[in-house]
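Enquirer: Let me see the structure of the following:
(one chain, ligands or ions: 1)
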Amino acid sequence: MPQLKTTAISSLHLHGGGGGGGCDGVLPSTPGKFKMDKTPFHHHYNHNNRLLLRYPLPKFVVLSLFLVVGLFLFFHFSPVSPSYSSSAARIDRRSLRTASWGGAAWEKRVRSSARIRQSSRSGRRGISVLVTGAAGFVGSHVAGALKRRGDGVLGLDNFNDYYEPSLKRARQLQLENAGVFVVEGDINDGALLRKLFDVVPFTHVMHLAAQAGVRYAMRNPSSYVHSNVAGLVSVLEAAKSAAPQPAVVWASSSSVYGLNSKVPFSESDRTDRPASLYAATKKAGEEIAHVYNHIYGLSITGLRFFTVYGPWGRPDMAYFFFTKDILRGKSISIFEGPDHATVARDFTFIDDIVDGCIAALDTAGKSTGTGGKKRGPAQLRVFNLGNTSPVPVSELVRILEKLLKKKAVKKIVKMPRNGDVPFTHANVSLAQRELGYRPATDLQTGLKRFVKWYLEYYSPGVKKIGSI
Ligand SMILES: O=C(O)[C@H]1O[C@H](OP(=O)(O)OP(=O)(O)OC[C@H]2O[C@@H](n3ccc(=O)[nH]c3=O)[C@H](O)[C@@H]2O)[C@H](O)[C@@H](O)[C@H]1O
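Expert: Numbers count the residues shown, from 1 in each chain. Predicted coordinates for the structure are as follows:
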C-alpha cells in the first residue's frame, strides 16, 4: 500500500501559492499600486445581458485567497486560548511534518535495516528493535550500539525543531552510514506505526521519542502532552496490536521523584509530587504503562534517566549551553536553592545509559498478548539509571572551565520557580541486581569526552565528524 503523505500545511501552501500565482498578470504585484476607484464587484452587462464582472478573474482569485487564508487561520489559531494557540500551532507543524513513506523500495529499506545479523562470536540470538527518537541524543547512541552488535534496528524520528535539527540530521547520517534507516515520522501517526509493525515483526521497541526539558514545559505545555502522553499511548497501541507483540522499554525520568527529599532516590519512593509538567507527563507514562501491561499483556520496562550527558548531546541542557557560552565569553547563570543551598545533579554519562538500555532490552520478558488480548501475566519493571554521585552545578562549571581552558562569566541566581528540583541522587541497586548495571564514568571523564566532541563538531570549516 504505497502512500505519499502530503501534509495539511504543504497543501495549504500549495493552494495559497497557486492563488497568488493566479493574481499575477491581472492585479498589480505591489498592493499599494492598485487604485480601487471603483469597487471590483461593480456589475456590467454585455450585449447578451449576461452578468459580467469588471474584474472577473481577480474576484474569483481574491475570494479563493480569502477562503484559503481564512481556513488556514481558523485551523491554526482557533484553539481555546491565545497562549495555547501558538504552541498548538507549533506542534501541528511538527507532527504534520511526516515525510513520504510506503512503497516497495521503502519497505525494502525498512526490512533490511531491521534484519538481524547473525552474530557468530557471542552465539547470542539477535533482536529486532524499533527505536523511536532515533535521531535524538540517547536514541542515536542506543541505535548505533545495537547495530554494532548485530541486532536489527529501525529508527523513527520526527526531526522537530525543539533544538537545532541539523544536529539531528548529523546523528541520522552517522546512523545511516552504520546501516540504520531512520524513518521520518511522528509517533502519533498510528497508520505509520501499524505499517512498520506489518512490515517487520519487531521483537522489541526502544521508545525514546519524547518532549524533553524541564523548564521548556512552561513555554510549550501542550508539546509534552502531545509527545509524552498521546505519543506514548500511540506507541503502546501499535505494540499491543502487533503480532507478535514486542517487549517495550521506554524512557521515564528522574524528575518523577519531584519533591521527594529522601535520598538516594529508590524506585519504591514516592513519585506523586512532580514539580514540573515534564515530570507529570513522565509519571503519567508510568501509569499508562501499567494499564497496557495489565490489560494487554505487554512487557514494559521504564527507565528513569538521571541528567544524561555526553558527546552528541542535547543543546538545551546546561552542560551543553554552558560550554557554548563559556567559549563565547557570554555569562552563565548558576542556580542556587533557598538559603544559598547548592543545586546538584546525578549527571550520568551516555555510555552508562546505553549499557542500561541494552541490558533492559536483553532481560525483558516476552509480551503475553495476542490479538489485542492478554494471555497471561507479563513483566512490568521500572529502574533508576543514574550515576549515584550527585555533583553541584558549580563543580560542573569548574570542570568545564578547566577543560575549555577558559574562565566562565558566572552569575549566581536564585533557582527560578520553573519546575527545577534542587538535587537528584539515584540508588541503582535494583538495576545493578536485575540488569547488571554499573555506571563507570565520573563527571570529569565524561565531560572530557563531551568537550572533545564539541570542539570537533563545532570547529568552523570542519566536516561533521566522529561516530556515535
Ligand atoms: O534527569 C532528568 O530526568 C532530566 O534531566 C535533565 O534535566 P536537568 O537535570 O534539569 O538538566 P539541565 O537542564 O541540564 O540542568 C542541569 C542543572 O543545571 C542547573 N541549571 C540549568 C540551567 C541554568 O541556566 N543554570 C543552572 O544552574 C539546573 O538547575 C540543574 O541543576 C534533562 O534536561 C531532562 O530532559 C530530564 O531528562
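Enquirer: Tell me the residues on this structure that lie near the ligand, please.
Expert: Taking Cβ under 6 Å from any ligand atom as the criterion, the neighbours of the ligand within the chain are 212-214, 253-255, 305-307, 317-319, 333-335, 343, 345, 393, 415, 420. Using the backbone N, CA and C atoms, a C-beta is placed for each residue, glycine as well.
Enquirer: Just the ones of these in strands?
Expert: Residues of the residues of the chain next to the ligand located in strands (DSSP state E): Ser253, Phe305, Ser333, Ile334, Phe335, Arg345.
Enquirer: Next, count neighbours for the second one.
Expert: Pointing back at Phe305 there. A count of nearby residues for Phe305, using other Cβ atoms under 10 Å, gives 23.
Enquirer: Contacts for the helix or strand where Glu107 lies, please.
Expert: For Glu107, the enclosing helix or strand under DSSP states H and E is helix 104-114. Outside helix 104-114, the residues that touch it by Cβ atoms under 8 Å, 6 or more residues apart in numbering are 2, 128-130, 152-155, 179-181, 183, 196, 199-200, 202.
Enquirer: Check the gap between Asp339 and the ligand for me.
Expert: 16 Å (Cβ to the nearest ligand atom, to the nearest Å).
Enquirer: Quick check on that residue: phi, psi?
Expert: Backbone dihedrals for Asp339, given as degrees, to the nearest 10, come out at phi 60, psi 40.
Enquirer: Confirm Val249 sits in a strand?
Expert: Yes - membership of Val249 in a strand is supported by DSSP: H, G, I helix; E, B strand; the rest coil.
Enquirer: was I right about it contacting His204?
Expert: Yes - here Val249 reaches His204: they are 6.7 Å apart, a contact under Cβ atoms under 8 Å.
Enquirer: When these two are compared, which one has more neighbours?
Expert: Set Val249 next to His204 and count neighbours by other Cβ under 10 Å: Val249 wins out with 29 against 26.
Enquirer: hey, what's the more buried one bridged with?
Expert: With beta bridges defined as DSSP bridges, Val249 has these partners: Met206, Thr301.
Enquirer: which ones are touching it?
Expert: Val249 makes contacts with His204, Val205, Met206, His207, Ile300, Thr301, Leu303, Cys357, Ala360, Leu361, Ala364, as judged by Cβ under 8 Å, 6+ apart.
Enquirer: Kindly recompute the last result at 6 Å.
Expert: Neighbouring residues of Val249 by Cβ atoms under 6 Å, 6 or more residues apart in numbering: Met206, Thr301, Ala360, Leu361.
Enquirer: From Ser227, how far out is the first one?
Expert: When you say that, I think you mean Met206. Here Met206 is placed at a distance of 16 Å from Ser227 (Cβ to Cβ, to the nearest Å).
Enquirer: Just want to know which of the two has more residues nearby.
Expert: Of the pair Met206 and Ser227, Met206 is the one with more neighbours under other Cβ under 10 Å, namely 32 against 26.
Enquirer: Just to check, the more buried one is in contact with Ser128?
Expert: No - applying Cβ atoms under 6 Å as the test, Met206 and Ser128 come out as separate, 11.1 Å apart.
Enquirer: neighbours around Val180, how many?
Expert: Neighbour tally, Val180, other Cβ under 10 Å: 23.
Enquirer: go on, Gly152?
Expert: 24.
Enquirer: confidence score at it?
Expert: Gly152 is assigned a predicted lDDT (pLDDT) of 98.
Enquirer: count of neighbours near Glu287?
Expert: Glu287, neighbours per other Cβ under 10 Å, totals 9.
Enquirer: how about it, secondary structure?
Expert: helix.
Enquirer: which ones are touching it?
Expert: Not one residue lies near Glu287 by Cβ under 6 Å, 6+ apart.
Enquirer: For the ligand, see how far away it is.
Expert: Glu287 is 17 Å from the ligand, by Cβ to the nearest ligand atom.
Enquirer: now do Val199
Expert: To the ligand, Val199 is 31 Å away according to Cβ to the nearest ligand atom.
Enquirer: And the helix or strand just after the helix holding Glu107, what does it pack against?
Expert: Tracing the chain past helix 104-114, the next element assigned as helix or strand by DSSP H and E is strand 128-132. Where contact means 3 or more Cβ pairs under 6 Å, 6 or more residues apart in numbering; DSSP states H and E, strand 128-132 is packed against helix 137-148, strand 152-157, strand 204-207.
Enquirer: Domains in this protein, by residue range?
Expert: Domains of the chain are assigned by automatic domain parsing as 10-78, 101-458.
Enquirer: Skipping its backbone neighbours, what lies nearest Val421 in space?
Expert: Ala275 (5.2 Å; Cβ to Cβ, 6 or more residues apart in numbering).
Enquirer: so which strand or helix has that neighbour?
Expert: Taking DSSP H and E as the definition, Ala275 sits outside all helices and strands.
Enquirer: What about it, how many residues nearby?
Expert: 20.
Enquirer: contacting residues for it?
Expert: Here Ala275 is in contact with Gly258, Leu259, Gly419, Val421 (Cβ under 6 Å, 6+ apart).
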